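Compute the structure for the input listed below.
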Amino acid sequence: MIIEAEIISLPSSGEYSERIYDNKSSWNSQSWTFIKFTNENYSEWCGQFRGFPKQVAISTVRDIVLVLTSDYLYQLDRETGDLTELEDQSQYQNLTVTPNGDFILADYYHFEKVTTSINHKELIKSLIQMDMIEFKNWENSKLEFTCDDFLNCNKHVTMTYNSQTNKIEIKNS
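Model (predicted):
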């Protein structure tokens, strides 16, 4: 069972046992993401994923690992490391996991919540139209993030997403 995941640079040949996660498509980039996984027995292995690296997150509650690259959003089974779902041409820029085990994805304009599968996402509504969303940090059940007010591009706003209430609120502007 996977307990840790970290984006690394290209490993030396033979440094880790490797698994390649690829999808044949004429739209694939030439970039690859390398992720070092650590299992509960502290054995390490490397996953190679198509696309430029963005983020990786583990939900111990849902037993899911999500890997976000420039080409795909991969969903892995935490127990086996097997690929269970794949979304191509991913527009997402941010990925995190909530304290209760749900995943939060954001493109430049919207938040979406994933509970059991990347094929079933829930849009999270905001009080303002957001642009250039950037996740910062978790404080208890609240994710702090910054964005621009889409209708007022000179207005940079700090906001929070509360994972308990599933609401986005303005912290300051």
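
Check the burial of Thr80 by counting its neighbours.
As a burial measure, Thr80 scores 11 neighbours (other Cβ atoms under 10 Å). Heads up, the C-betas are built off the backbone N, CA and C, glycines and all.

what about it, helix or strand, and which?
Assigned by DSSP states H and E, Thr80 falls within no helix or strand.

cool, and Lys136?
Assigned by DSSP H and E, Lys136 falls within strand 130-139.

What of Ile58?
strand 53-59.

can you tell me the average pLDDT over that strand?
Across strand 53-59, pLDDT averages out at 97.

can you check stretch 84-92 too?
pLDDT averaged over stretch 84-92 gives 90.

Can you get me a residue count around the closest residue in space to Thr33 that isn't next to it in sequence?
Once flanking residues are discounted, Thr33 sits nearest to Pro53: 3.9 Å by Cβ to Cβ, 6 or more residues apart in numbering. Neighbour count for Pro53, taken as other Cβ under 10 Å: 18.

Roughly how far does Pro53 sit from Ile168?
Using Cβ to Cβ, to the nearest Å, we find Pro53 at a distance of 27 Å from Ile168.

same deal with Leu151?
16 Å.

neighbour count winner among those two?
Comparing Leu151 with Ile168 by neighbour count (other Cβ under 10 Å), the higher total belongs to Ile168, at 19 against 9.

Is the most centrally placed residue in the chain in a helix, a strand, or coil?
When the chain is reduced to its mean C-alpha position, the closest residue under Cα atoms, centre = their mean turns out to be Leu95, at 2.8 Å. Classification of Leu95 using DSSP: H, G, I helix; E, B strand; the rest coil returns strand.

didn't Ser17 look like it was pressed against Trp45?
Yes. Using Cβ atoms under 8 Å, Ser17 is in contact with Trp45, at 4.7 Å.
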